[in-house]
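J.: no sequence for this one, just the structure:
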Ligand SMILES: O=C(CO)[C@H](O)[C@H](O)COP(=O)(O)O
């Protein structure tokens, strides 16, 4: 079952509660929250104060993506703010294994994120510790960028690695996801699709969410009929 996680980065920041209510009414179950520090990525967004202020107004699963240096300094604050999932970038964590455990000890489900230029090699020894791998399909920092097609092969390789290790690890993709490529990323092995511009950048958010969900689900129908999986 594919999960569409609308990315708040592309929402109207002056109407966050309404934006969230809208996508929840459309059928969303997850919300992706991009935390940027102006160092690891050249942009700033918001911190745990905003996450905690939104938490009482929705039942959506909060999927917090830390695009920050030294993420270990912020895990507890985002856990207390109401995050269910916390992703940390392998590029920011020399002690990745320890940071993953810190996320779990804070009561959240840990995920590791990879920039487009980062290979899968560093994952082998932490794969059994995480619940999800986030494959960035654009260079992180900004919404509205074009999907990098070579990431399809990375998703396929990751899906094979996870299968070979016999793990239950979700694959999430983030960046440039739209109804045009949703089926392709799902066929490659993605189960969680983050989408900002394709949902919050559209006039009719409900129709956009449903169109994306339909496009992704079509891939599953084709898989079920043909047995094809990446
Ligand atoms: O992590 C991100 C940027 O670093 C965003 O989640 C991502 O870019 C989603 O935006 P869009 O769907 O518009 O590409």
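T.: Arrived safely. Just so it is clear, the model here is predicted, and its values are computed rather than measured.
J.: Who are the contact partners of residue 57?
T.: Going by CB atoms under 8 Å, 6 or more residues apart in numbering, residue 57 touches 17, 20-21. Backbone N, C-alpha and C define where each C-beta goes, glycine included.
J.: 7 Å instead?
T.: Contacts for residue 57 (CB atoms under 7 Å, 6 or more residues apart in numbering) come out as 17, 20.
J.: ok, now residue 46?
T.: So residue 46 contacts nothing (CB under 7 Å, 6+ apart).
J.: Shouldn't residue 86 be within a helix?
T.: No: counting by DSSP: H, G, I helix; E, B strand; the rest coil, residue 86 falls outside a helix, being strand.
J.: And it, what's its pLDDT?
T.: Confidence at residue 86, expressed as pLDDT, is 99.
J.: Could you report the neighbour count for it?
T.: 28 (other CB atoms under 10 Å).
J.: doesn't residue 102 make contact with it?
T.: No: taking CB atoms under 7 Å as the definition, residue 86 is not a contact partner of residue 102, at 9.2 Å.
J.: list residues touching both of those two?
T.: Common contacts of residue 86 and residue 102 (CB under 7 Å, 6+ apart): residue 75.
J.: tell me the contacts of residue 165?
T.: Neighbour list for residue 165: 127-128 [criterion: CB under 7 Å, 6+ apart].
J.: from here on, count from 26
T.: All right, first residue 26 from here; so that's residue 190.
J.: Against the ligand, how distant is it?
T.: When distance is defined by CB to the nearest ligand atom, to the nearest Å, residue 190 is 26 Å away from the ligand.
J.: Tell me the spacing between that residue and residue 72.
T.: Distance, residue 190 to residue 72, by CB to CB, to the nearest Å: 35 Å.
J.: show me where the protein has strands.
T.: Under the criterion DSSP state E, the chain carries strands at the ranges 28-31, 55-61, 86-92, 110-114, 134-139, 157-161, 195-199, 217-220.
J.: Tabulate those strands (TSV), appending distance to the ligand.
T.: Listed next are the strands of the chain as TSV, based on distance: least, CB to the nearest ligand atom, whole Å:
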stretch	distance to the ligand
strand 28-31	9
strand 55-61	5
strand 86-92	6
strand 110-114	10
strand 134-139	9
strand 157-161	7
strand 195-199	5
strand 217-220	5
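J.: Show me the one of these that comes nearest residue 239.
T.: strand 28-31 (10.1 Å; CB to CB).
J.: in its sheet, what does the closest one sit against?
T.: strand 217-220 (parallel) (DSSP bridges).
J.: how about the helices in the chain?
T.: 41-51, 73-79, 100-106, 121-130, 176-190, 207-213, 222-225, 230-251 (DSSP state H).
J.: what does this protein put close to the ligand?
T.: Applying CB under 6 Å from any ligand atom, we find that the chain lies next to the ligand at 32, 34-35, 57, 59, 90, 163, 165-170, 199-202, 219-223.
J.: Can you tell me which of the residues you listed are buried?
T.: 32, 34-35, 57, 59, 90, 163, 165-166, 168, 199-202, 219-223 (16 or more other CB atoms under 10 Å).
J.: Just give me the neighbour total for residue 134.
T.: Neighbours around residue 134, by other CB under 10 Å: 17.
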